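> Here is my input, please return the structure:
(one chain, ligands or ions: 1)
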Amino acid sequence: MTTKHPNVKKLLDWFQTNQRNLPWRKTKDIYHIWASEVMLQQTQVTTVIPYYKRFLERFPTVGRLARGSEQEVLKLWEGMGYYSRIRNFHRAARQVMTVYDGKIPDTPETFQKLPGVGPYIAAAVLSIALDIPLPAVDGNVMRVYTRFHGIADDIRKNTTRDRIFNELKGIIPTEPPGAAGDFTQAFMELGALICTPQKPRCDACPFHEQCIAFTTNTIDRYPFKSPAGKVPEYKVSIGIIIKEAKFYIQKRPSEGHLGGLWEFPGGKAAAGESPEQTLFRECKEELGCEVEILQPLPLVRHAYSHFKIQMSPFICQLKHGDIHPQENRPFRWITISELDIYPFPGANHKFFPRLKEYFTDFFARNKNPGCFTV
Ligand code: SF4
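Predicted structure coming up:
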């Protein structure tokens, strides 16, 4: 297939004139494009741009990323969420160095063997960086395509994604050079700028005369997405346990939700428990210590992809004795000024300003912070 296909030509012409000036469009470096695609999953372009620049300044090559420490990498990612993306990217960089001798694999089969590289990332990166004609089917592409063709299939289903992939594979251009990558980006760009989820700008769309959804006035029917199950909400209590003007933090296990980030001790409420009771029980179970509350901080609400939390943070101190950290679980006693060195989950950042105020007030009241009493 070439760009002579009338709709492909129309799409690429529209892209040439209307594409945004984005930093990852100025390069064909496969590592840089890979980094941008990892960041752009589930994250807005405007959020990604500063992260992309900072990340590549610090890790300009796959080798430099492979040599970075987990903490350094997570810190640069902090705030973007979906931390498994960066952990996998980091692991993949290390595999590129150890298994592939520093050369990023350049076929769909080999590239997809790397951690975190699924069909979407493989298609996006290989088509944009290397011009391999593989269609990348993301939410933007599915929205444009189902509206254009009036496809009412459920986009949550893999069969719908596969259908769109196969149909696009038949039209993705293989020449002239660069056309496959432009096709991938053009489709995504049309979805991001014109065929938006709400109020698409059909008057500015190059396809409005042919589009089934537009010409039959049925845009609100596409794409069809079956309702998601109800997202559970958990009540959580955490303790900022202070001792001699420092407080205790511990590292989450590398695998799993928020893996490798730092956190405060605490956990989910059991049935019928108050936030204070949860805190006391969790501290006892997790650290073998008894605490007393110095000050509760305001409730934090936070949404993750599959659940929400209502978090009650408490500044507290040991009643007696000491903390007994869990075996094989790294921990630190840190000062408030060291807080920014460590990567924490986004929910914690919501109470950090209040925590910093608390310490500022404390130091203003106490001349001798080495003796922390209230
Ligand atoms: S005409 Fe409107 S609904 Fe159809 S593809 Fe273009 S922007 Fe989307």
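> Give me the distance between the spatially closest residue to residue 116 that is not a sequence neighbour and residue 111.
Spatial nearest neighbour of residue 116, chain neighbours left out: residue 88 (2.7 Å); criterion: C-beta to C-beta, 6 or more residues apart in numbering. From N, CA and C alone the C-beta is placed, and that goes for glycine too. Noted for residue 88: a distance of 13 Å to residue 111, by C-beta to C-beta, to the nearest Å.
> next one: residue 295
Using C-beta to C-beta, residue 295 is found at 51 Å from residue 111.
> Same question for residue 195.
Between residue 195 and residue 111 the computed distance is 29 Å (C-beta to C-beta).
> Which one's more surrounded, the two?
More crowded of residue 195 and residue 111, by other C-beta atoms under 10 Å: residue 195, with 28 against 23.
> wait, isn't the more buried one in contact with residue 145?
No: Residue 195 lies out of contact with residue 145 (C-beta atoms under 8 Å); the separation is 9.4 Å.
> wait, what's in contact with the residue nearest in space to the middle of the chain?
In the chain, the residue lying closest to the centroid (C-alpha atoms, centre = their mean) is residue 82, at 3.4 Å. Shown in contact with residue 82 (C-beta atoms under 8 Å, 6 or more residues apart in numbering): 41-43, 305.
> same thing with residue 355?
Taking C-beta under 8 Å, 6+ apart as the criterion, residue 355 is in contact with 240, 297, 313, 315, 336, 339.
> cool, and residue 33?
Contacts of residue 33 by C-beta under 8 Å, 6+ apart are 24, 27, 124-125, 128-129.
> how about stretch 246-254: buried residues?
The neighbour-count check on stretch 246-254 (16 or more other C-beta atoms under 10 Å) flags 246-252 as buried.
> intersection of neighbour lists for residue 88 and residue 111?
When contacts are counted by C-beta under 8 Å, 6+ apart, residue 88 and residue 111 have residue 117 as shared neighbours.
> element containing residue 250?
strand 246-251 (DSSP states H and E).
> So which elements touch that strand?
strand 233-243, strand 262-263, strand 331-334 (3 or more C-beta pairs under 8 Å, 6 or more residues apart in numbering; DSSP states H and E).
> And the last one, what does it pack against?
Think strand 331-334. For strand 331-334, the elements it packs on are strand 246-251, judged by 3+ C-beta pairs under 8 Å, 6+ apart.
> Each with direction, which strands does the strand it packs on pair with?
With DSSP bridges as the test, strand 246-251 is paired with strand 233-243 (antiparallel), strand 262-263 (antiparallel), strand 331-334 (antiparallel).
> List of residues touching the shortest one?
Strand 262-263 is contacted by residues 238, 249-252, 332, 342-345, 348 when judged by C-beta under 8 Å, 6+ apart.
> still on that earlier bit, TSV for the contacts of residue 82, including distance to residue 209 and neighbour count?
Shown next, in TSV, are the contacts of residue 82 (distance: C-beta to C-beta, whole Å; neighbours: other C-beta atoms under 10 Å):
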residue	distance to residue 209	neighbour count
41	33	17
42	33	11
43	34	16
305	38	9
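> near the ligand, which residues of the stretch 101-250 of the chain show up?
Contact residues, the stretch 101-250 of the chain versus the ligand (C-beta under 6 Å from any ligand atom): 144, 147-148, 194-195, 200, 202, 205, 207-208, 211, 213-214, 219.
> just those now: which is nearest residue 158?
Nearest to residue 158 among those is residue 144, at 19.0 Å by C-beta to C-beta.
> wait, doesn't the closest one sit right on residue 193?
No: Residue 144 lies out of contact with residue 193 (C-beta under 8 Å); the separation is 10.8 Å.
> Show me which of these two is the more surrounded one.
residue 144 (27 against 17).
> At which residues are the helices of the stretch 51-200 of the chain located?
Using DSSP state H, counting those that start in this stretch, the helices of the stretch 51-200 of the chain run over 62-67, 70-77, 83-99, 108-111, 119-130, 139-149, 158-169, 179-193.
> if we compare the ones you listed, which one ends up closest to residue 360?
Residue 360 lies closest to helix 70-77 among the helices of the stretch 51-200 of the chain, at 23.3 Å (C-beta to C-beta).
> Dump the closest one to CSV, restricted to CA.
Once non-C-alpha atoms are left out, helix 70-77 reads as follows in CSV (Å, rounded to 0.1, in the frame of the first residue of the first chain):
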residue,chain,number,x,y,z
GLU,A,70,15.9,2.2,40.7
GLN,A,71,15.5,5.1,43.1
GLU,A,72,16.9,7.7,40.6
VAL,A,73,14.7,6.4,37.8
LEU,A,74,11.5,6.3,40.0
LYS,A,75,12.2,9.8,41.3
LEU,A,76,12.3,11.2,37.7
TRP,A,77,9.0,9.5,37.0
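> what's the average pLDDT for that helix?
Averaged across helix 70-77, pLDDT comes to 93.
> what comes up buried for it?
Judged by neighbour count using 16+ other C-beta under 10 Å, the buried positions of helix 70-77 are 70-71, 73-77.
> so residue 312 sits in a strand?
Yes: under DSSP: H, G, I helix; E, B strand; the rest coil, residue 312 sits within a strand.
> I'd like to know how many residues surround the nearest residue to it once chain neighbours are set aside.
Distance criterion C-beta to C-beta, 6+ apart; nearest residue to residue 312, sequence neighbours excluded, is residue 275 at 3.7 Å. Per other C-beta under 10 Å, the neighbour tally for residue 275 reads 20.
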